[in-house]
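Novice: sequence and predicted structure below; questions after.
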Amino acid sequence: MIPAERQHFILSCLADRDVMSIAELTERLGVSHMTVRRDIQKLEESGRVMSVSGGVKLPERIEFEPSHHVKAEIRAADKQAIGRAAAATVRDGAVIYLDAGTTTLQVAHGVAERHDLTVVTNDFVIAAYLSANSRCALYHTGGLVERANQSCVGDATADAIARFNFDVAFISASSWSIAGITSPSESKRPVKRAAVRTARRAVFVTDSSKYGVVGAFNILPLDIFDTVITDAGLEASVVAAIEHLGVAVTIAGRDNGGRKP
């Protein structure tokens, strides 16, 4: 079999079973472990499978995003550490974009005392927090209101974002892989793309539990980001794969605020 045929065979096998071992695929295909691993790597780079210890599985699919209230309770300590690490990278006098999300809300907590900043966000919770706790210049994008996530989405929001020149855009996502970030909501695509397009530096802030999850819509490739800031739950092989793309990785520690892996 040529590589494309082997990769199609692997996907066909996974359609019937949730997980397959490398040893089993090696036996079925009649090739070496190294060949199977190369095929899995190619499939993983396109976001079609996810490597697990000793094998491979299909990514978990997310059909809809939990509400802001629910997300705020998930991995709260990790999000706080990621927020502190991200905030520490913001330079004096910067113009920053904070994407809607509970992880970016923690970035807002980290910059609240930085009165020299200009902050733009599409998130009502972030805007309310900074309005009450900071003297930074603060803009809300407006746009179509997504009530469950207490934010604005769609083309009107993207148009508002395009008026700014950001020093850094902090982007969040409900699902991602080595291929990039995805979403079950198409209306988030123009917003995140507009923010990255107008930023000198793009930073993806995410906890590791969202890795290997896929939404219906491709939003941004991972290699468009300068840095990924995440927690220690991300496997070393994934960190290495991200760095191979030319993207820096910062592992946020709950105590030290952030460290390089």
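Specialist: Yep, that arrived.
Novice: what's the burial count for residue 34?
Specialist: By the criterion of other CB atoms under 10 Å, residue 34 has 10 neighbours. Where C-beta positions appear, they are placed from N, C-alpha and C, glycine not excepted.
Novice: pretty sure residue 129 is in a strand, no?
Specialist: No: counting by DSSP: H, G, I helix; E, B strand; the rest coil, residue 129 is located in no strand; its state is helix.
Novice: quick check: closest non-adjacent residue to it.
Specialist: residue 108 (5.6 Å; CB to CB, 6 or more residues apart in numbering).
Novice: just residue 13 next, same as before
Specialist: residue 20 (5.6 Å).
Novice: tell me which helix or strand that neighbour sits in.
Specialist: In the assignment (DSSP states H and E), residue 20 maps to strand 19-21.
Novice: for the next helix or strand after that strand, give the mean pLDDT please.
Specialist: Using DSSP H and E, the helix or strand that directly follows strand 19-21 along the chain is helix 22-29. The pLDDT scores in helix 22-29 average 88.
Novice: list the buried residues of the lowest-mean-pLDDT helix or strand in the chain.
Specialist: One helix or strand of the chain scores below all others by mean pLDDT, DSSP states H and E: helix 68-72, with a mean of 70. Buried positions in helix 68-72, judged by neighbour count with 16 or more other CB atoms under 10 Å: 68, 71.
Novice: now the strands for the stretch 151-261 of the chain?
Specialist: Along the stretch 151-261 of the chain, the segments classed as strands by DSSP state E, counting those that start in this stretch run 151-153, 166-171, 175-177, 180-183, 199-205, 213-214, 217-221, 227-230, 248-251.
Novice: rank these by mean pLDDT and give me the bottom one.
Specialist: Across the strands of the stretch 151-261 of the chain, the lowest-scoring stretch is strand 213-214, with a mean of 88.
Novice: ok now that one, how far from the chain's centre?
Specialist: 10 Å (CA atoms, centre = their mean, to the nearest Å).
Novice: neighbouring strands - and their directions - for it?
Specialist: Counting by DSSP bridges, the strands paired with strand 213-214 are strand 60-61 (parallel).
Novice: per-residue confidence averaged over the strand it pairs with?
Specialist: 76.
Novice: and residue 185, its phi and psi?
Specialist: Dihedral pair for residue 185: phi -110, psi 120, per degrees, to the nearest 10.
Novice: what residues are up against the residue nearest to residue 13?
Specialist: By CB atoms under 8 Å, 6 or more residues apart in numbering, residue 20 lies in contact with 10, 13, 14, 55, 56, 57.
Novice: most neighbours of all those residues, which one?
Specialist: residue 56 (24 neighbours).
Novice: got the contact list for the helix or strand where that one lies?
Specialist: In the assignment (DSSP H and E), residue 56 maps to strand 55-57. Contacts with strand 55-57, where a contact means CB under 8 Å, 6+ apart, come from 10, 14, 18-22, 24-25, 40, 43-44, 49-50.
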